[in-house]
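Student: 3D, please:
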Amino acid sequence: MVRKRLLMLLKPLDVYPSDETSVVSSSNSLKVFRYLNDRMLVHKNAINFCQNVLKRKPIDWKAVFRNDVSRAISDVDLVVTVGGDGTLLQASHLMDDSIPVLGVNSDPTRPEELEEFNEEFDATRSTGYLCASTANNFEQILDEILENHYEPSELARMAISINSKLIRTSALNDILLAHPCPATVSRFSFRSGRNEKLSSLVHCRSSGFRVSTAAGSTAAMLSAGGSAMPILSNDLQFIVREPICPGTISSLMHGFVKFDERLEVTWFCREGLVYIDGSHLVHSIGYGDVIELSSMTPRLKVFLPRHLLSQ
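Tutor: Predicted coordinates for the structure are as follows:
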């Protein structure tokens, strides 16, 4: 039997505060620091636990921190991300549609903590919406995958072109078009459709334009007033953020783009940025640039939590 090859991609430890002396010495600030430091320890323990599980399995594996990987991931049969949705998103930018990924939520939120610390600070841990596993059930889920009893799903991603030049990275969650200064008005127009049969232009002044996949529809899109989509939908969803005087066209500020359609946005500011899946991947745009978006790009194979598939 050919041994499986596995890459474990880890959320780094340096995202957590490390020096208590740098914290403002109020009792509440110290309590927050110690809480965050505990989050680091929980994450570190989850990494060690998952690695100990891998040592017992008939597989070849290696572990690397996500910031140490910049090339496309290849020559492995499975990618396991340990962290949260952010680590899985970062992995997706380096993967094609041939390798599946399993997300391990290393530090799930605990409802009792939210209630306990509600009057002091936000005790939310990692959301892990796309993560099918935690440290508690990692070995069980891994065994099911290795025995072919757990099949990956295919999530739609978003292809992004600027002035007809395709960006190498597809978005798994969403993109945001906005001015570099959040207080500056963004001016743009957009339309959608198939091939040359595009709709009429919608002209906007707002704080930006967000477009999401189904996977990203429950994140910033939902917070901005959008709708949650079935996780396996291949459509895109868009929303104009904080439109200025939408008037009679307010119904056009939010909508959907079918899987065989494209969304075309023309930017009318001197400066602009395209944020892909958060703030780490950014592309500059300027006056007259045309950004094309569609879901016609290879999907990502993800082992999803089973409750998402039953919705």
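Student: can we go C-alpha only for contacts and neighbour counts from here?
Tutor: OK.
Student: ok, longest strand in this protein?
Tutor: strand 186-194 (DSSP state E).
Student: Partner strands of that one and their direction?
Tutor: Its sheet considered, strand 186-194 pairs with strand 197-198 (antiparallel), strand 202-206 (antiparallel), strand 262-267 (antiparallel) by DSSP bridges.
Student: average pLDDT for it?
Tutor: Averaged over strand 186-194, pLDDT sits at 95.
Student: Which residue comes closest to residue 98 once chain neighbours are left out?
Tutor: residue 301 (7.5 Å; C-alpha to C-alpha, 6 or more residues apart in numbering).
Student: you'd agree that neighbour is up against residue 151?
Tutor: No. Assessed by C-alpha atoms under 8 Å, residue 301 is found out of contact with residue 151, at 9.2 Å.
Student: any chance you could map the helices in this structure?
Tutor: 27-55, 85-92, 111-116, 138-146, 220-223, 306-309 (DSSP state H).
Student: Could you report the pLDDT at residue 246?
Tutor: What the model reports for residue 246 is a pLDDT of 65.
Student: Show the backbone phi and psi for the residue lying closest to residue 304 once chain neighbours are set aside.
Tutor: In this structure, residue 304 finds its nearest non-sequential neighbour in residue 132, 5.1 Å apart by C-alpha to C-alpha, 6+ apart. Main-chain dihedrals, residue 132, degrees, to the nearest 10: phi -80, psi -10.
Student: Report the contact partners of residue 132.
Tutor: 102-105, 303-306 (C-alpha atoms under 8 Å, 6 or more residues apart in numbering).
Student: that older thread, extract the C-alpha set from the longest strand of the chain and format it as CSV.
Tutor: Provided in CSV are the C-alpha atoms of strand 186-194 (Å, rounded to 0.1, in the frame of the first residue of the first chain):
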residue,chain,number,x,y,z
SER,A,186,-15.5,55.2,-3.4
ARG,A,187,-16.9,55.8,-6.8
PHE,A,188,-17.6,52.9,-9.2
SER,A,189,-20.1,51.4,-11.6
PHE,A,190,-21.0,47.7,-12.0
ARG,A,191,-23.1,45.4,-14.1
SER,A,192,-23.5,41.7,-14.6
GLY,A,193,-24.5,39.1,-17.1
ARG,A,194,-23.3,36.5,-19.6
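Student: Pull out the buried positions in it.
Tutor: Residues of strand 186-194 classed as buried by neighbour count (16 or more other C-alpha atoms under 10 Å): 186-193.
Student: so which two of these are the farthest from each other?
Tutor: 186 and 193 (23.0 Å; C-alpha to C-alpha).
Student: Just name the most buried of the strands paired with strand 186-194.
Tutor: strand 262-267 (a mean of 23; mean count of other C-alpha atoms under 10 Å).
Student: Send over that one as PDB, restricted to the C-alpha atoms.
Tutor: Extracted C-alpha coordinates of strand 262-267, given in PDB (Å, rounded to 0.1, in the frame of the first residue of the first chain):
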ATOM      1  CA  ARG A 262     -19.700  37.600 -14.600                       C
ATOM      2  CA  LEU A 263     -19.700  40.800 -12.600                       C
ATOM      3  CA  GLU A 264     -17.900  43.700 -14.100                       C
ATOM      4  CA  VAL A 265     -16.900  46.700 -11.900                       C
ATOM      5  CA  THR A 266     -15.300  49.900 -13.300                       C
ATOM      6  CA  TRP A 267     -13.400  52.000 -10.700                       C
END
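Student: what sits up against it?
Tutor: So strand 262-267 is contacted by 187-195, 257, 285-295 (C-alpha under 8 Å, 6+ apart).
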